[in-house]
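**Student:** Fold the following for me, if possible:
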Amino acid sequence: MTKCTFCKERVDDGLGRGLQPGVDADATPMCALACIAGAIVFGDLDDATSRVSRLAADPRAQVLMPECGTEPRVYYLAD
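**Tutor:** As a prediction, the model looks like this:
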């Protein structure tokens, strides 16, 4: 098992071709494309209009162990 890199090579290649991660399939990690439930969302957190940014702003959104000071960029929606 290796650590997930969110398909960095795929995303970087897509960005190099002018594609937008989370919008264009060829620039989006495979887990987000393959998740038939839509539970994995990927995109630009710095774009306030993106779906992922709106989900991260939801009051239910949480990061794991923020006290570690690593500024995590993965959010989980709690029930």
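
**Student:** Provide a list of residue ranges in the protein with pLDDT below threshold.
**Tutor:** 1 (pLDDT under 70).

**Student:** can you give me the strands in it?
**Tutor:** Listed in chain order, the strands of the chain (DSSP state E) span residues 61-62, 76-77.

**Student:** Show me what the last one packs onto, helices and strands only.
**Tutor:** Under the contact definition 3 or more C-beta pairs under 8 Å, 6 or more residues apart in numbering; DSSP states H and E, strand 76-77 sits against strand 61-62. Glycine gets a C-beta too; all of them are placed from N, C-alpha and C.

**Student:** ok, residues contacting the strand it packs on?
**Tutor:** Strand 61-62 is touched from outside by 55, 75, 76, 77, 78, with contacts defined as C-beta atoms under 8 Å, 6 or more residues apart in numbering.

**Student:** circling back to that earlier point, give me whichever of the strands of the chain is most buried.
**Tutor:** Comparing the strands of the chain by mean neighbour count (mean count of other C-beta atoms under 10 Å), strand 61-62 comes out on top with a mean of 14.
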